[in-house]
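In: Test case, fold it:
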Amino acid sequence: MLEAYGNKIVCMRIGDETKTSKGVVRPSSKKEKPLEVEVVDSAVDGISIGDKLCIARYSGTEVFFDDKELVVVTPEDILFKIKEK
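Out: Below is the predicted model of the structure:
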């Protein structure tokens, strides 16, 4: 279980892997990391779990937890919040 502290936001990148026609999941190691992330936990008011954000290209700190690659960002790294229609 993760819990964000201070002004940190724990996120998971969206669209970071591709699936082949035979169903094999292949991580995108040669492509640039996607800018769209989904919030896993947040210690920042106005940012909730499940929110989708667009972050700056080279922002955040990548960490591995429970076999998942996560990125920890601050509010300054957020370009905008993606709202569903």
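In: okay, residue 16: pLDDT?
Out: pLDDT, residue 16: 56.
In: which strands and helices sit next to the helix or strand where residue 71 lies?
Out: Taking DSSP states H and E as the criterion, residue 71 maps to strand 68-73. Counting by 3 or more C-beta pairs under 8 Å, 6 or more residues apart in numbering; DSSP states H and E, the packing neighbours recorded for strand 68-73 are strand 9-13, strand 36-42, strand 52-55, strand 61-65. Bear in mind the C-beta positions are built from the backbone N, C-alpha and C, glycine included.
In: strands paired with that strand, and their directions?
Out: strand 9-13 (antiparallel), strand 61-65 (antiparallel) (DSSP bridges).
In: Count residues in the vicinity of residue 37, would you?
Out: By the criterion of other C-beta atoms under 10 Å, residue 37 has 27 neighbours.
In: Residue 10 versus that one, what's the distance?
Out: 10 Å (C-beta to C-beta, to the nearest Å).
In: between the two, what contacts are shared?
Out: Overlap between the contact sets of residue 37 and residue 10, as judged by C-beta atoms under 8 Å, 6 or more residues apart in numbering, is given by residue 71.
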